[in-house]
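Novice: here is a sequence together with a model predicted from it:
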Amino acid sequence: MGIVLFKEHYFGFLASLILSTVAEALQVTGGNVTVALGETCVLPCKLTGTTETLSQISWQRVTRGAPQKENFLTIARETGLTPVNGDDRRFTFIGNMSDGDGSLQLSGVNLMDEGIYICIFTLFPSGNQKTEILLNLFVPPVLSLEDHRPALGSEEVALVTCTAAGSKPPAEVKWLTGTLTGKVRTTNSSTEHPNGTTTTISSLFGVPSREINQHLVHCVITSAALMKKESLPFTIQVYFSPQEVNIRQQGQSSFECVAEANPRADFTWNRADNSWPQSATVEAATLQLMSMSSHLNGLYQCEASNSYGRKRGHLYVHVTSGDCVVCWTLFSLLLLAVIAGLTTMFYFYKSGKFPRTGEGTSRNRKSDAAIPAEEEDEDGRLQAERSV
């Protein structure tokens, strides 16, 4: 009886030792996988170190789209790949059961696919052997710049905003401001979305002055989901209405209207009496007088305008009848003192207190006089011009 018990213990110990040795040699290997959104990846699963009979390979998953563990594929020698709980044709069996390879290929990876995949080999006699594969997604951010179109002013406002939207992992956003360092500041914020992506926003603030207008800055975005750093250039735009309008003589009979403005001003020429001589033509900001005659005489107005406002400049044209010498008179702005002086002289003349020298002399003086014009600008203030 004792010998029988000894033999049972011996054979039990031997069987246990054999199984332990087999278990130590048998391995199921996988590996974590990282893939960019929309790309194709391989979920690796390999059985090694055993000669046991492999009857089936099963796949389970716990993902963002399927938070409860579920069986979704089985692979058998007789039937091949069989979907469970719906057919997802993005999965393809690329392994070989004879080689103990249970690998899957997944195409068009999306955020709902991210999670844990479990590869299970069913062996005889040892039973199920498995490994877990973590699928992690990289989602590159969608990059954009927003110009806040600041108008010229003295208060700090947002100049431009840089956005890295829907990134996984979160993107880092910084500004390179060059010579504007110390004159502008940045603010950053981030929002995490239910699908695991994050949107990062960075804004550049400053006082919208001419000093910072037209300066080049860069928004620099760094993310593991990007192949390299992205740099978005941006030229700061400070918007303002046309400033002082200048009329420049380009030739003997050509005049150009010039005004600083952002956005660029549009120019319109007209005459004070709403008439327009046939021998005067306009192309963009340039007035061209084609022939010299008294029909050209009069006050011409150039108006510079954009979406932020408008400003006017004036040109007085007088062609003498004697030797056809052309006299050009350009009117400047805001010289109220000259207007006041001329108004006083006109008052004395009309009242008879101004000395008259004779009828012929009076006519000559009257025909040669340059009478200043007055107008009301966009702010309702009375503007005056003088001849130069």
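Specialist: Thanks, I have the structure now. Numbers count the residues shown, from 1 in each chain.

Novice: center of the protein, which residue is that?
Specialist: Closest to where the C-alpha atoms of the chain average out (C-alpha atoms, centre = their mean) is residue 145, at 2.1 Å.

Novice: contacts only, for it.
Specialist: Applying C-beta atoms under 8 Å, 6 or more residues apart in numbering to residue 145 gives the contacts 160, 161, 162, 163, 219, 232, 234. The way it works is simple: take the backbone N, C-alpha and C, and place the C-beta from them, glycine included.

Novice: go again using 6 Å as the cut-off
Specialist: Applying C-beta atoms under 6 Å, 6 or more residues apart in numbering, we find residue 145 in contact with 162, 232, 234.

Novice: same check, this time on residue 112
Specialist: 64, 65.

Novice: A strand includes it, no?
Specialist: No: counting by DSSP: H, G, I helix; E, B strand; the rest coil, residue 112 is not found in a strand; it is helix.

Novice: tell me, how many residues neighbour the residue lying closest to residue 140 once chain neighbours are set aside?
Specialist: Excluding the flanking residues, the one nearest residue 140 by C-beta to C-beta, 6 or more residues apart in numbering is residue 225, at 4.3 Å. By the measure other C-beta atoms under 10 Å, the count of residues near residue 225 is 20.

Novice: tell me which element residue 225 falls in.
Specialist: If you go by DSSP states H and E, residue 225 is not part of any helix or strand.

Novice: buried stuff in the helix or strand hosting the residue nearest to the centre of the chain?
Specialist: Per DSSP H and E: residue 145 is located in strand 142-147. By 16 or more other C-beta atoms under 10 Å, the buried positions in strand 142-147 come out as residue 143.

Novice: neighbouring strands - and their directions - for it?
Specialist: Strand 142-147 has the following sheet partners, assigned by DSSP bridges: strand 157-167 (antiparallel).

Novice: what does the partner strand rub up against?
Specialist: So strand 157-167 is in contact with 141-148, 150, 171, 173, 197-206, 219, 221, 223, 225, 234, 236, going by C-beta under 6 Å, 6+ apart.

Novice: is it true that the residue nearest to residue 140 touches residue 137?
Specialist: No: with contact defined as C-beta atoms under 6 Å, residue 225 does not count as touching residue 137 (8.7 Å).

Novice: any residues in contact with both of these two?
Specialist: Common neighbours of residue 225 and residue 137 (C-beta under 6 Å, 6+ apart) do not exist.

Novice: how many residues are close by the nearest residue to residue 124 once chain neighbours are set aside?
Specialist: Taking C-beta to C-beta, 6+ apart as the measure, residue 124 lies nearest to residue 53, with 4.6 Å between them; neighbours along the chain are not counted. When counting by other C-beta under 10 Å, one arrives at 10 neighbours for residue 53.

Novice: residue 53 and residue 242, how far apart?
Specialist: 89 Å (C-beta to C-beta, to the nearest Å).

Novice: for residue 96, same thing?
Specialist: On the measure of C-beta to C-beta, residue 96 and residue 242 end up 77 Å apart.

Novice: partner strands of the helix or strand residue 131 falls within and their direction?
Specialist: Using DSSP H and E, residue 131 sits in strand 127-138. Here strand 127-138 is paired, per DSSP bridges, with strand 33-36 (parallel), strand 115-124 (antiparallel).

Novice: returning to what we had before: the residue nearest to residue 124 contacts residue 126, doesn't it?
Specialist: No: Residue 53 is beyond contact range of residue 126, at 10.0 Å (criterion: C-beta under 6 Å).

Novice: where does this protein dip in pLDDT?
Specialist: 1-24, 321-388 (pLDDT under 70).

Novice: got the contact list for residue 216?
Specialist: Residue 216 makes contacts with residue 235, as judged by C-beta under 6 Å, 6+ apart.

Novice: same check, this time on residue 231
Specialist: Going by C-beta under 6 Å, 6+ apart, the list of residues near residue 231 reads 218, 220.

Novice: buried stuff in the strand or helix carrying it?
Specialist: Element membership for residue 231 (DSSP H and E) is strand 230-235. For strand 230-235, a neighbour-count test (16+ other C-beta under 10 Å) marks 230, 232, 234 as buried.

Novice: just give the nearest non-adjacent residue to the first one, would you?
Specialist: When the adjacent residues along the chain are set aside, residue 230 lies closest to residue 221, with 4.5 Å between them (C-beta to C-beta, 6+ apart).

Novice: element containing the one you found, please.
Specialist: Going by DSSP H and E, residue 221 is part of strand 216-222.

Novice: quick one: that strand to strand 230-235, angle?
Specialist: 160 degrees (axes from the mean of the first three to the mean of the last three C-alpha atoms, to 10 degrees).

Novice: for strand 216-222, which positions count as buried?
Specialist: Of the residues in strand 216-222, 217, 219, 221 count as buried by neighbour count, 16+ other C-beta under 10 Å.
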